[in-house]
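Colleague: please find the sequence and the predicted model below.
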Amino acid sequence: MTPLSTAPQLRSERLILRGPERDDLAALTRFMTSAPSMQAQGETVTPEQAWFGFLTGVGHWQWHGFGFFTVVEHHTGDPVGRVGLLKHSNWPDIELAWHLFEGAEGKGYATEAARAVKKWARDDLGLDKLYSYIDFNNTRSQAVAKRLGAVTDGTRAPHEPQAEIWVHPMGNNGGTETS
């Protein structure tokens, strides 16, 4: 498949993180239009909006040199989600974000992939801090952030009032002291 971005390929024990490819659009569209996690947050979109979001993600890599990686199970080759770095025009800082597709939750994939992204962000991009903007009711994402060593004081994100700001340390081990 022809790469759509400049994303490097990252590997962890069970996962391959790679840039978006055309064939990823179907899984992303299913997730964005009907996933229970998206429905619970009132964030489902139309297929056309999912397509636009996918293209925006490709452009994000071109503009910033980082973006969402497609997370693929090493042993099956199946995409299980997206994890990466985001910096939209009205956001104050770079966000470490994760979205797992239906059926991939509860397996530790978000934590494993985010650790790989944090290491890449520190070692290759030279970033010394990342943030996650997590809805104050999203306890599953909060648990991932805690496993990654992130902390919050409950301060809300100015661009997303329902989201708390979680700060990720970027020490030598990527700020992943906890397991």
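Modeller: Everything's here; your move. No experiment lies behind these values; they were computed from the predicted model shown. Residues are numbered from 1 along each chain as shown.
Colleague: which stretches of this protein form strands?
Modeller: Per DSSP state E, the chain carries strands over the ranges 10-11, 15-18, 68-73, 79-86, 95-100, 129-135, 156-157, 160-169.
Colleague: who wins for proximity to residue 49 among these?
Modeller: Between residue 49 and these, the tightest spacing by CB to CB is seen for strand 95-100, at 14.8 Å. Bear in mind the C-beta positions are built from the backbone N, C-alpha and C, glycine included.
Colleague: just to revisit the earlier point, please name whichever of the strands of the chain is nearest to residue 29.
Modeller: strand 79-86 (11.8 Å).
Colleague: in its sheet, what does the closest one sit against?
Modeller: Sheet pairing here is set by DSSP bridges, and for strand 79-86 it gives strand 68-73 (antiparallel), strand 95-100 (antiparallel).
Colleague: so what touches the first one?
Modeller: Residues from elsewhere that reach strand 68-73 (CB atoms under 8 Å, 6 or more residues apart in numbering): 7, 10, 14-21, 24, 57, 60, 78-84, 86, 97, 100, 109, 113, 117.
Colleague: can you rerun that using 7 Å?
Modeller: By CB atoms under 7 Å, 6 or more residues apart in numbering, the list of residues contacting strand 68-73 from outside reads 7, 10, 14-21, 24, 57, 78-84, 109, 113, 117.
Colleague: lowest-scoring secondary structure element of this structure by mean pLDDT?
Modeller: Each helix and strand of the chain was given a mean pLDDT (mean pLDDT, DSSP states H and E); the minimum falls on helix 36-40 at a mean of 70.
Colleague: show me where the protein dips below the pLDDT cut-off.
Modeller: Low-confidence segments of the chain, defined by pLDDT under 70: 35, 38-39, 172-179.
Colleague: quick one, helices of it?
Modeller: When secondary structure is read from DSSP state H, the chain shows helices at 25-34, 36-40, 47-64, 109-123, 139-147.
Colleague: for the last one, what is the distance to the chain centroid?
Modeller: In terms of CA atoms, centre = their mean, to the nearest Å, the gap separating the centre of helix 139-147 from the centre of its chain is 13 Å.
Colleague: mind listing what's buried along it?
Modeller: Taking 16 or more other CB atoms under 10 Å as the neighbour-count basis, helix 139-147 is seen to contain the buried residues 141-142, 144-145, 147.
Colleague: could I get that helix in PDB with only the CA atoms?
Modeller: This file holds the C-alpha atoms of helix 139-147, laid out as PDB (Å, rounded to 0.1, in the frame of the first residue of the first chain):
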ATOM      1  CA  THR A 139     -13.000   6.700  33.300                       C
ATOM      2  CA  ARG A 140     -11.500   4.200  30.800                       C
ATOM      3  CA  SER A 141      -9.300   6.800  29.100                       C
ATOM      4  CA  GLN A 142      -8.400   8.200  32.500                       C
ATOM      5  CA  ALA A 143      -7.200   4.800  33.600                       C
ATOM      6  CA  VAL A 144      -5.000   4.600  30.500                       C
ATOM      7  CA  ALA A 145      -3.600   8.100  31.300                       C
ATOM      8  CA  LYS A 146      -2.800   7.000  34.800                       C
ATOM      9  CA  ARG A 147      -1.000   3.800  33.500                       C
END
